[in-house]
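Participant: have a look at this prediction, sequence included:
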Amino acid sequence: MKKPPILAAADPERLETWVKYRQSLCQDCRATCCSLPVEVRLSDLIRLGLADAFEQYEPAKQVARRLMKAGSVERFNHKREVFTLARRSNGDCLYLDQRSRLCTCYAQRPDTCRNHPTIGPRPGHCAWRPKQPG
């Protein structure tokens, strides 16, 4: 049986170190993609339960202000009406389980996460890093 090639851990800040994506990589990864900034739309926030469906009729800036105050959103791009989800102090997504390194809102995850790595900083590649032992 042929062993898979040994991969070097990617540096999320250096796109040239990212590896060509294949589904099997996720099994042994420490969920590095879940430490990248996640841009979302209002529909994602509604799916996540962070915003109410009625808020889609309110100014996005007003929704952003409320969510930033609540600590759910860290930035809002007014021109594109795109929100950036808040992260923990270590850079991890708020929805990433610290122990299992699995998504705690997988069924409701934002479109950005659903479409990774088809879209993102380097389409077709991921910032694979091996799971920490233990």
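Facilitator: Here it is on my side, so go on.
Participant: quick check: K69 vs H125, distance?
Facilitator: Separation of K69 from H125 (Cβ to Cβ, to the nearest Å) stands at 36 Å. From N, CA and C alone the C-beta is placed, and that goes for glycine too.
Participant: the more surrounded of the two?
Facilitator: Taking neighbours as other Cβ atoms under 10 Å, K69 and H125 compare with H125 leading, 17 against 9.
Participant: the spatially closest residue to the more buried one that is not a sequence neighbour and C29, how far apart?
Facilitator: With sequence-adjacent residues excluded and distances taken as Cβ to Cβ, 6 or more residues apart in numbering, H125 is closest to W18, at 3.9 Å. Taking Cβ to Cβ as the measure, W18 falls 12 Å from C29.
Participant: same deal with E58?
Facilitator: When Cβ to Cβ is the yardstick, E58 and C29 sit 38 Å from each other.
Participant: who has more neighbours, those two?
Facilitator: Neighbours were tallied for E58 and for C29 using other Cβ under 10 Å; the higher tally belongs to C29 (21 against 13).
Participant: who are the contact partners of the residue nearest to H125?
Facilitator: When contacts are counted by Cβ atoms under 8 Å, 6 or more residues apart in numbering, W18 is found next to 10, 122, 125-128.
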